[in-house]
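1. okay, predicted coordinates and the sequence, questions at the end:
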Amino acid sequence: MLRALEIYGADRSAFVEDGPFSMGSHLLRLLPEDRWDHQPLRPESGKGWLVADARIDNRETLARELDIPAGAAAELADSDFVLKAWERWGEDSVKHLIGAFAFAVWQPELKRLFIARDAVGERPLYFCQAGGLFAFASMPTGLLTLPGVDMSLDEEMLALYVALLPQPPGRTLFKHIQKVAQGHSMTITPDGVSQRPYWRIGDTRELRLRNDAEYLDAFRECFDEAVRCRLRTTGGIGTELSGGLDSSSVTATAAMLLKSEGRGLTAFTHVPRPGVALPNIPNRYGDEGPYAALVTAQYPNIDHVLVPNGGIRIMESLAKHAGTDDQPTFNPTNSVWMDAIVEQARDRGITTVLTGRAGNGTISYDGFLALSEFFRAGRWLKLAKESLALRRTGWASLRKIGGVTILPLLPLALQKRLAPRVGDFSLDYCAVNPELASKYGLTERARFNLNFGTQDVKSDLATYVVSADGGAVFAGVKAGWHVELRDPTADQRVFEFVHSLPVDQFLRDGYMRSVVRRGMKGRVPEETLYRYARGMQTADWHRTIAESLPEIQAELQLLERSPWACRILDLPRLKRMAAEWPTEGLDSQAVLDSYHYAFSRGLGMGVFLRRHDPDFKAEGKR
């Protein structure tokens with residue numbers, strides 16, 4: 001198992017055996033305190049062992065609670081803090097830890113194993129049971145090496161993944177491998193296995209302050225701490241910077257905090273290939289370089305680096321991630337430029353890259369569903385005021401407002417007649433096999449989930465917590481480039497703060513995403529805060545795929561020899577699209593759905609399936 005997991009931490013490796021139990025760990029030194037790491041750790045009682053993959057973000061608070069002097073705390077690895085928290089609070093220790101962690105504790109006198117994972121899923125943790133064996137590992141790769149472990153894929157989970165539908169917590173794409181859900185712990189004894197939550201976003205109480213100024217002060221204090229605690233690293237600090245609100249807020253805040261320490265920041269911005277014609281879509285822009293430069297111009301300690309697309313080929317990226325992420329690449333056309341950024345970061349001695357990937361569900365949550373709540377609560381004056389303001393600023397039409405307030409209350413048959421997105425709904429946006437779609441009723445499930453999955457702000461925010469589970473992707477970046485992605489917008493405390501806000505904080509004076517727009521005034525340029533147009537991230541996606549069509553067509557031929565790929569994907573459709581690659585209408589929704597999203601994501605799934613299909617017939621083999 002350790003040999004299989006070595007790519008995730010090659011700086012130090014160790015293991016221990018204790019009767020019927022063994023555990024081990026790999027370490028990638030990315031924190032200054034990692035030099036003190038000496039896992040596996042022995043409790044002071046001399047009984048049992050602990051291993052952890054941890055970045056603890058509230059070390060100062062824990063040191064005070066655990067009565068650890070500052071000098072001694074400075075020489076403790078983050079895994080030591082986990083152990084000391086365990087020795088003080090036992091299984092309740094998870095409620096005191098803030099950060100990214102997965103850990104396991106073996107108590108031989110009780111024949112009990114305890115494993116846990118952080119609240120929002122920054123660190124992955126998987127497990128399986130086979131006969132009398134219970135095994136756990138950071139990534140499925142570590143479990144798939146074990147004799148007797150069934151490596152079968154899960155057909156239903158693969159279907160849900162391809163169709164962009166929510167996956168039941170704890171299940172994976174492997175039928176007999178599960179993952180510890182975010183904010184959950186498990187106890188394993190000879191009597192059985194139990195899993196329970198220790199943190200739920202729905203338990204967050206609503207925050208009631210005296211005025212808007214106090215809410216914004218509290219927001220800045222919370223967000224600043226989320227950024228500050230992620231600046232602890234062995235090398236340089238970088239950020240993924242687009243022209244949008246989330247990455248601009250992360251970058252500006254990091255630059256401000258680093259300046260006070262006399263440190264610099266490198267901001268990486270993906271830009272399209274030079275000379276490529278970009279789609280002309282209203283209120284969208286394809287080149288984020290000039291907009292990102294507005295932010296970096298305000299902070300002299302930022303080194304702004306433009307990263308042109310095209311340096312990494314799409315099939316190269318898919319093959320690499322298939323070996324590090326243990327799951328399909330979700331957005332292959334985005335992955336190529338994200339890979340290019342972390343590659344440049346690594347080459348510059350940067351060990352941490354900050355992102356704002358979870359921002360849509362936290363700091364820049366749009367709050368549009370607040371209109372639905374105003375409507376159902378009979379707050380007609382508030383509804384009318386905000387609706388008129390949204391129309392005045394151009395952020396929403398009456399049709400869009402009606403779609404969130406009135407449409408969900410109508411019978412489905414009437415909804416289909418009134419709303420094209422409901423009535424004309426299809427699965428063209430994904431490459432799922434039609435037979436599989438019919439078997440699992442994917443069209444109707446997707447119609448409901450993508451249009452009416454949630455109808456109130458708090459429920460909608462809760463769905464973002466689930467989608468923030470980026471443990472496998474973060475682990476893959478560490479394995480592939482020895483760089484850690486850290487997302488302040490996905491901090492547990494940020495999730496809790498945003499969830500605690502009254503709904504009318506998100507929608508103000510005709511502007512959605514009101515919290516970050518008001519909270520970042522003076523820190524992020526006004527033009528960025530109130531820009532109506534949005535960036536396209538991969539405006540030259542067409543060229544990314546087109547330049548690799550020969551490699552892609554070869555891959556599609558290989559996929560025809562994979563029974564699992566034939567079962568899950570609509571391979572005839574993918575082959576037809578590859579042969580009839582469009583040269584016009586690239587900005588139409590039909591082309592985007594089919595050729596950008598369905599085609600590229602189908603490729604990502606195909607590479608994953610071929611890698612894990614035991615019946616794949618390689619060239620020259622029966």
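-> It's in. Numbering: from 1, shown residues only.
2. list the contacts for the closest residue to residue 577 other than its chain neighbours?
-> Once flanking residues are discounted, residue 577 sits nearest to residue 599: 5.3 Å by Cβ to Cβ, 6 or more residues apart in numbering. The C-beta positions use only the backbone N, C-alpha and C, and glycine is treated the same way. By Cβ atoms under 8 Å, 6 or more residues apart in numbering, the contact set of residue 599 is 431, 545, 574, 577, 578.
3. tally of neighbours for the closest residue to the third one other than its chain neighbours?
-> Okay, so that is residue 574. Closest residue in space to residue 574, ignoring its immediate chain neighbours: residue 602 at 5.2 Å, by Cβ to Cβ, 6+ apart. Residue 602 is flanked by 26 other residues according to other Cβ atoms under 10 Å.
4. residue 602 and residue 568: what is the separation?
-> When distance is defined by Cβ to Cβ, to the nearest Å, residue 602 is 9 Å away from residue 568.
5. overlap in contacts, those two.
-> Contacts common to residue 602 and residue 568, judged by Cβ under 8 Å, 6+ apart, are residue 162.
6. what pLDDT does the model give the residue nearest to residue 577?
-> Residue 599 carries a pLDDT value of 97.
7. did I read that right, it in a helix?
-> Yes - with DSSP: H, G, I helix; E, B strand; the rest coil as the criterion, residue 599 is assigned to a helix.
8. and it, how far from residue 428?
-> Computed as Cβ to Cβ, the residue 599 to residue 428 distance reads 11 Å.
9. so which of the contacts of residue 599 is the closest to residue 338?
-> residue 545 (16.1 Å; Cβ to Cβ).
10. buried sites along whichever strand or helix holds the closest one?
-> For residue 545, the host element (DSSP states H and E) is helix 541-546. By neighbour count on 16 or more other Cβ atoms under 10 Å, the buried set for helix 541-546 is 541, 542, 543, 544, 545.
11. quick one: average confidence on that helix?
-> For helix 541-546, the per-residue pLDDT values average out at 94.
12. over to residue 106: give its phi and psi.
-> Main-chain dihedrals, residue 106, degrees, to the nearest 10: phi -110, psi 130.
13. and for residue 383?
-> Dihedral angles (degrees, to the nearest 10) for residue 383: phi -60, psi -50.
14. cool, and the one 3 residues further on?
-> Reported as degrees, to the nearest 10, the phi and psi values for residue 386 are phi -70, psi -30.
15. now do the contacts for the residue nearest to it when sequence neighbours are not counted.
-> Once flanking residues are discounted, residue 386 sits nearest to residue 507: 5.5 Å by Cβ to Cβ, 6+ apart. With Cβ under 8 Å, 6+ apart as the criterion, the residues that contact residue 507 are 367, 368, 370, 371, 386, 390, 514.
16. show me what contacts the residue nearest the centre of the chain?
-> By Cα atoms, centre = their mean, the chain has its centre lying nearest to residue 470, at 3.6 Å. For residue 470, the contacting residues are 121, 122, 357, 358, 485, 487, 490, by Cβ under 8 Å, 6+ apart.
17. residue 391 too?
-> 397, 398, 401, 510.
18. what does residue 115 give?
-> 102, 103, 104, 105, 125, 127, 136, 180, 185, 186, 188.
19. and it, that's in a strand?
-> Yes - assessed with three-state DSSP, residue 115 lies in a strand.
20. domains of this structure?
-> 6-199, 212-363+467-535, 370-463, 541-612 (automatic domain parsing).
21. quick check: mean pLDDT of the longest one?
-> So the one you mean is domain 212-363+467-535. Rounded mean pLDDT across domain 212-363+467-535 is 95.
22. chain center to it, what's the gap?
-> 12 Å (Cα atoms, centre = their mean, to the nearest Å).
23. now the end-to-end length of it.
-> Domain 212-363+467-535 has an end-to-end distance of 29 Å (Cα to Cα, to the nearest Å).
24. what about residue 313, how many neighbours?
-> By other Cβ under 10 Å, neighbour count at residue 313 equals 15.
25. same thing with residue 50?
-> 23.
26. now do the SS call for it.
-> Secondary structure, three-state DSSP: residue 50 is strand.
27. before we move on, what about residue 275?
-> coil.
28. which stretches in the stretch 451-600 of the chain count as helices?
-> 457-467, 471-481, 492-500, 514-519, 526-529, 541-546, 549-559, 563-568, 571-579, 589-591, 599-612 (DSSP state H, counting those that start in this stretch).
29. out of those helices, nearest to residue 291?
-> Counting by Cβ to Cβ, residue 291 lies closest to helix 526-529 out of the helices of the stretch 451-600 of the chain; the figure is 6.8 Å.
30. helices or strands up against the closest one?
-> helix 245-259, helix 289-296 (3 or more Cβ pairs under 8 Å, 6 or more residues apart in numbering; DSSP states H and E).
31. just name the most buried of those.
-> Across those, averaging neighbours per residue (mean count of other Cβ atoms under 10 Å) puts helix 245-259 on top, at a mean of 24.
32. list of residues touching that one?
-> 223-224, 227-228, 231, 237, 239-242, 264-265, 267, 292, 295-296, 298-299, 301-302, 354-357, 359-360, 363-364, 488-489, 513, 516-517, 520, 523-525, 528-529.
33. I'd guessed the residue nearest to residue 574 sits against residue 431; true?
-> Yes - between residue 602 and residue 431 there is a contact under Cβ atoms under 8 Å: 3.0 Å.
34. overlap in contacts, the two.
-> With Cβ under 8 Å, 6+ apart, residue 602 and residue 431 have common neighbours 162, 569, 570, 574.
35. distance of residue 512 relative to residue 244?
-> Taken as Cβ to Cβ, the span from residue 512 to residue 244 is 13 Å.
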